[in-house]
Structure formats: structure tokens, C-alpha cells
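Asks: below is the sequence, then the predicted model.
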Amino acid sequence: MERITITIDDDLLTEVDTLVAARGYTSRSEAIREMLREAAKRVHLSDGAAPCMATLTYVYSRGLRDLPQRLVDTQHEHHDLGIASTHVHLDNDDCLEVAILRGPAEALRRHSDELTAQRGVRHAYLHLIPVPGERHVRSRRAHTQRHGSR
């Protein structure tokens, strides 16, 4: 690990110290490393072809017309992006779904938008995680060969 020296103004240092205390970092260095990782992730994800893992979390009203079926249909249309999903009944009306996805950043964003823009879906959050150095070339044909053709 390399050691570097940085110079920052007092106000920014106060912000760093506040972050260290609030998040429980063991040092300023750990907090700054995390900030740099987040900044690098944003740059990496600006490339729509960047390979990623993702979680898509959303809540929806199960009683809203055919919403559950439309959500399932959308997931099947993008089956090549899905790895797994979990469905939780929050109460008599609402469900929480968490999908684990893998694919190019832009494809994951489009899929997320298609699911979560539907009326009755709320509290949606897509968390993209770059997979550096991975070459994500997974065609529908390869996916079908792995799981058998229909």
C-alpha cells in the first residue's frame, strides 16, 4: 500500500471527520479510500457496456390490476440478466422484491427502468456494482444452451 499526502481546507476536513464518526470508519484514510472507490465506480459505470452485478429492490402493490403478471413478464423478457430473486409479502397489499442481476450497466439500467416505472411500483433502488476486468459476453444463445432450449 502506498502512502500519499493530501492538502484539504478546514471545512472539507470537518466533513471528512463527520463522515468518519457517522459511519464508524477506523481512520480518515479508510473514509477517503471509500470515497475514491465510489468515484472510480461512477467513472467505470459511465461506460454503458461496463460489466456489472446489481441488486434491484422495489415494493409494489400486488392488487393493482395485472401488475404482478406484468412484472413477471418483464423479468422473463430479460431473463439473460437475472440470476435470482426474492419475494417478500410485506402486508396484505404490498410485496417487496429483490432481484440479483448481471450484465452491462446500460442493460441493467434499462431493465430496472422498465420494471420500476410501472404504476404501483415504488421505493425502487438499483445498486450497480462494477465487475472490473470481467469480459461479459453472454449471448441469449449461450444462455439457452446452458439451460436447455424451449
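Replies: Arrived safely, thanks for sending.

Asks: show residues contacting the lengthiest helix in the chain.
Replies: Residue-count comparison of every helix in the chain, with assignments taken from DSSP state H, identifies helix 28-45 as the longest. Helix 28-45 is touched from outside by 6, 16-17, 19-20, 23, 25, 50, 52, 105, 128-130, 132, with contacts defined as Cβ atoms under 8 Å, 6 or more residues apart in numbering. All C-beta atoms are positioned from the backbone trio N, CA, C, and that covers glycine.

Asks: recalculate using a threshold of 6 Å.
Replies: For helix 28-45, the surrounding residues in contact (Cβ atoms under 6 Å, 6 or more residues apart in numbering) are Val16, Leu19, Val20, Tyr25, Ala50, Ala105, Leu128, Pro130.

Asks: give the contact list for the fifth one.
Replies: By that I understand Ala50. Contact analysis of Ala50 by Cβ under 6 Å, 6+ apart lists His44, Ala105, Pro130.

Asks: how close does it get to Arg102?
Replies: When Cβ to Cβ, to the nearest Å is the yardstick, Ala50 and Arg102 sit 12 Å from each other.

Asks: got it, and the first one?
Replies: With the distance defined as Cβ to Cβ, Val16 ends up 34 Å from Arg102.

Asks: got it, and the second one?
Replies: As for Leu19, its distance to Arg102 is 31 Å (criterion: Cβ to Cβ).

Asks: alright, I will stop here.
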